[in-house]
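Chemist: I would like the atomic coordinates for the input below:
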Amino acid sequence: VQTCALPISDRSGRTGPVEIVSVGRAVEKKGFPDLIGALAKLPREPAWRFTHIGGGPLLPEMKARAEAASIADRIAWKGQQPKSEVLAALRQADIFTLASRIAADGDRDGLPNVLMEAQRQGAACVATRVSAIPELIEDGATGLLAEPGDIEGLARALGRLVADAYLRLELGAAGHDRLRAR
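Modeler: Numbering: from 1, shown residues only. You can find the predicted model right below:
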């Protein structure tokens, strides 16, 4: 896979910042504080933007972490949205990410429907190895995986896709095709 040295564009031909999207309630098992930590480690260039869709009790903490990390200007907090808006955001996403983890009380994601929907829309996916997620996302083939709670690993995976438009397209297509085949 070649690294793209051309201006970055998404799947629809739009040029501009790489669009990273995540959808989910801001609760412990979704790992959003880890995701904010990973986003804070991404380089400023190539340009990227992050959109979070969903409400939840950890939302104020996430916003505070983004402010403290000086990345708040790159983040759009959309709150709860109807399904049509979620699907529109997934269609526009270059990267979909979900940093799932096992909560202190043992709560965890099984196989998040939103990951399957992101693949159905052709977005390249970055997620964590929790529960059944590795059954959907095969690391390096249909997406990229990091260990839960591994902020550095999540940042490396996201950074790799932000920097490489060809890899985004390749993994997005492979995830879409595998989902349709199964």
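
Chemist: make it CA atoms for all contacts and neighbour counts henceforth
Modeler: Fine.

Chemist: I'd guessed Asp107 sits against Lys29; true?
Modeler: Yes. With contact defined as Cα atoms under 8 Å, Asp107 and Lys29 form a contacting pair (6.4 Å).

Chemist: the more surrounded of these two?
Modeler: Lys29 (20 against 12; other Cα atoms under 10 Å).

Chemist: how much space is there between the more buried one and Pro112?
Modeler: From Lys29 across to Pro112, the span is 11 Å (Cα to Cα, to the nearest Å).

Chemist: Over to Asp177?
Modeler: From Asp177 to Pro112 the distance is 18 Å (Cα to Cα).

Chemist: before we move on, what about Leu59?
Modeler: 19 Å.

Chemist: most remote residue from the chain's center?
Modeler: Distance from the centre of the chain peaks at Asp105, with 24.4 Å (Cα atoms, centre = their mean).

Chemist: What does that residue show for phi and psi?
Modeler: Backbone torsions of Asp105, given as degrees, to the nearest 10, read phi -90, psi 10.

Chemist: how about the helices of this protein, start to end?
Modeler: Using DSSP state H, the helices found in the chain span residues 32-40, 59-68, 83-92, 113-120, 133-136, 151-163, 165-181.

Chemist: Not counting its own residues, what contacts the first one?
Modeler: Think helix 32-40. 26, 61-62, 65-66, 69-71, 98-100, 149-152, 154-155, 158 (Cα atoms under 8 Å, 6 or more residues apart in numbering).

Chemist: go with 7 Å
Modeler: Contacts with helix 32-40, where a contact means Cα atoms under 7 Å, 6 or more residues apart in numbering, come from 26, 62, 65-66, 69, 71, 99, 149, 151-152, 154-155.

Chemist: Return the member of these nearest to Asp139.
Modeler: Nearest to Asp139, judged by Cα to Cα, of these is Leu154 at 12.3 Å.
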